[in-house]
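Enquirer: 3D model of this:
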Amino acid sequence: MRKSSISAVATGLFLLSQTVFAEDVTLPAPVLEWSFYILLIFAACVAVGISIFMRGNNAPSDSVDSLLDEHNPVIHSVRPDVSVTECVRRMNKLNIGAMLVMENDQLIGVFTERDAITRVLGAGLDPVGTLISTVMTKNPVWVSPATSMEEAMAIVTSQRIRHLPVVEGGRVLGLVSSGDLVHKLVKE
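Expert: The predicted structure follows:
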């Protein structure tokens with residue numbers, strides 16, 4: 001329907017321009033002059049309208065901030081001195097796949113289900129005696145709330161991570177997953 005609307009406008013402009021610029025038209029000069037100005041104003045309005053319409057379709061809510069707004073995030077975190085067992089219990093209770101590791105309200109790491117499998121069980125470590133600080137992903141990749149959904153998805157894909165903290169001014173605002181990003185991009 002959008003293409004047909006644009007086609008109808010283009011056809012109308014073409015027919016109007018043929019009438020205005022035809023050499024054998026016997027309209028009085030002032031009418032011809034006003035017709036020309038009306039055509040220009042109409043064309044400008046159509047161009048601005050199409051520009052706004054296209055921009056609106058591409059970016060109604062295309063930042064990570066819009067995703068946080070939809071999810072109303074709660075920050076789940078542990079201190080770095082918590083054992084892997086305690087962290088995994090909390091993750092299971094909350095039904096989440098990643099836990100932020102924070103110290104004095106500052107993000108210092110992320111611990112994920114994958115870390116539990118590869119860095120703890122796969123390495124033969126005792127989860128009861130192992131501290132999160134020794135097996136977490138230190139200095140994790142994060143994004144600002146203004147980061148576009150496409151940029152966030154590119155980071156998740158290139159870094160091969162599933163969880164992306166959202167940080168602004170050193171303050172953690174939330175955590176988005178690759179699933180959240182895919183769902184939002186498909187929805188749009």
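Enquirer: what mean pLDDT does the helix or strand harbouring residue 186 have?
Expert: Counting by DSSP states H and E, the element that carries residue 186 is helix 178-187. What helix 178-187 shows for mean pLDDT is 83.
Enquirer: stretch 67-75 now?
Expert: The average pLDDT within stretch 67-75 is 81.
Enquirer: contacts for it, please.
Expert: 61, 100, 145, 149, 166, 172-176, 180-181, 184 (CB atoms under 8 Å, 6 or more residues apart in numbering). Placement of C-beta: from N, CA and C, glycine included.
Enquirer: may I have the phi/psi pair for residue 156?
Expert: The phi/psi pair for residue 156 (degrees, to the nearest 10) reads phi -60, psi -40.
Enquirer: now do the same contact list for the closest residue in space to it that isn't next to it in sequence.
Expert: Of all residues not flanking residue 156 in the chain, residue 178 sits nearest, at 4.7 Å (CB to CB, 6 or more residues apart in numbering). Residues counted as contacts of residue 178 (CB under 8 Å, 6+ apart) are 153, 156, 161, 162, 163, 164.
Enquirer: next: residue 161.
Expert: Residue 161 neighbours (CB under 8 Å, 6+ apart): 140, 141, 155, 178.
Enquirer: the first one: neighbouring residues, count only.
Expert: Counted by other CB atoms under 10 Å, the residues lying close to residue 140 total 22.
Enquirer: could you check the pLDDT of it?
Expert: Looking at residue 140, its pLDDT stands at 95.
Enquirer: what do you get for residue 57?
Expert: Looking at residue 57, its pLDDT is 51.
Enquirer: please apply the same query to the one 5 residues further on.
Expert: Among the per-residue scores, residue 62 holds a pLDDT of 83.
Enquirer: how many residues are close by it?
Expert: Neighbours around residue 62, by other CB under 10 Å: 17.
Enquirer: cool, and residue 113?
Expert: Neighbours around residue 113, by other CB under 10 Å: 16.
Enquirer: contact partners for it?
Expert: Contacts for residue 113 (CB under 8 Å, 6+ apart) come out as 91, 97, 98.
Enquirer: any idea how far it lies from residue 104?
Expert: 26 Å (CB to CB, to the nearest Å).
Enquirer: walking through the protein, point out its strands one by one.
Expert: Counting by DSSP state E, one finds strands in the chain at the ranges 77-78, 98-103, 106-112, 137-138, 163-168, 171-177.
Enquirer: in helices, which of the contacts of residue 161 appear?
Expert: Cross-referencing the contacts of residue 161 against helices under DSSP state H gives 155, 178.
Enquirer: can you put the contacts of residue 161 in JSON lines and add distance to residue 67?
Expert: Listed next are the contacts of residue 161 as JSON lines, based on distance: CB to CB, whole Å:
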{"residue": "140", "distance to residue 67": "18"}
{"residue": "141", "distance to residue 67": "17"}
{"residue": "155", "distance to residue 67": "14"}
{"residue": "178", "distance to residue 67": "12"}
